[in-house]
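**Student:** sequence unknown, structure follows:
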């Protein structure tokens, strides 16, 4: 039964009830709001601008539906990665990012930016398939982008990007691969491993003794031993995310699981 109070008959009581209602705090529903992922990035190598200054910061953004449509038109995983990088990086330092600037970055800096774009879009964890030796089953394991994927930085960001390799007879001056080399290899992913090594060496070997490298023929004519040693030294010095070291604990048997991580598995191409 509902009791109605007439304000005209009992104005004092009506006013008291109104004041009491106004004084009561509304019931608030608890809402879990996920804060946006941090879009600022520290580059492990850094960008050297036209003035010779080292820029170590960048900014990325979350991918959207328009980006997804552009990525879906890529004819290979490598080209999809290039599309993500070109669309997802907003700034290098305080300057608007351009494809030319991205090409000049070290390959490890570009990989760091791609991971940052993933985090800005999907968050800092990823569920990936991996074989657990302890269970002898393929499991879905969760990796933490920040904690589980180790990263290597240049101790001396200016001088460490160029190094020398002693060959059988020659001394090779070598630079770490840049975006141009990385892009060249991605666009020629149908080549053999030997041909890809030639592309890598052509873009990284600066001098053979005192002679500048200006032709692909120069690195093709190197001995097999020297070519392999240079590639090995480059791989040892690669900065940025170290995907080959990603290990997590199996949620069922607590065995250590090696997780195959690459940008194809992360972005689910």
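**Tutor:** Right, received. Where do you want to start? Not measured: the values here are computed from a predicted model. Residues are numbered from 1 along each chain as shown.

**Student:** for the most centrally placed residue in the chain, which three-state class applies?
**Tutor:** Central residue of the chain (CA atoms, centre = their mean): residue 115, 2.0 Å from the mean position. Counting by DSSP: H, G, I helix; E, B strand; the rest coil, the backbone at residue 115 sits in helix.

**Student:** nearest spatial neighbour of it, skipping sequence neighbours?
**Tutor:** Closest residue to residue 115 apart from its sequence neighbours, by CB to CB, 6 or more residues apart in numbering: residue 241 at 5.7 Å. For every residue, glycine as well, the C-beta is placed using N, CA and C.

**Student:** likewise for residue 45?
**Tutor:** residue 106 (4.1 Å).

**Student:** about what we covered before: so who does the residue nearest to the centre of the chain touch?
**Tutor:** 145, 149, 241, 266 (CB atoms under 8 Å, 6 or more residues apart in numbering).

**Student:** the last one: neighbour count?
**Tutor:** Applying other CB atoms under 10 Å, we find 18 residues neighbouring residue 266.

**Student:** in what helix or strand does it lie?
**Tutor:** Element membership of residue 266, judged by DSSP states H and E, is helix 263-267.

**Student:** pull out the buried residues from that helix.
**Tutor:** 263, 265, 266, 267 (16 or more other CB atoms under 10 Å).

**Student:** how far away is the second one from residue 90?
**Tutor:** Looking back up the chat, that one is residue 265. 25 Å (CB to CB, to the nearest Å).

**Student:** now the third one
**Tutor:** In this structure, residue 266 and residue 90 are 20 Å apart, going by CB to CB.

**Student:** hmm, back to that, contact partners for the residue nearest to residue 115?
**Tutor:** 108, 111, 112, 115, 149, 150, 151.

**Student:** one more time with 6 Å
**Tutor:** 111, 115, 149, 151 (CB atoms under 6 Å, 6 or more residues apart in numbering).

**Student:** swap in residue 263?
**Tutor:** Going by CB under 6 Å, 6+ apart, residue 263 touches 81, 114.

**Student:** and the pLDDT for it?
**Tutor:** Looking at residue 263, its pLDDT is 93.

**Student:** for residue 20, same thing?
**Tutor:** Value for residue 20, per-residue pLDDT: 52.

**Student:** I figured residue 160 hits residue 152, correct?
**Tutor:** No - look at residue 160 against residue 152 with CB atoms under 6 Å: they stay out of range, at 10.7 Å.

**Student:** how about low-confidence regions in the chain?
**Tutor:** Low-confidence segments of the chain (pLDDT under 70): 1-37.
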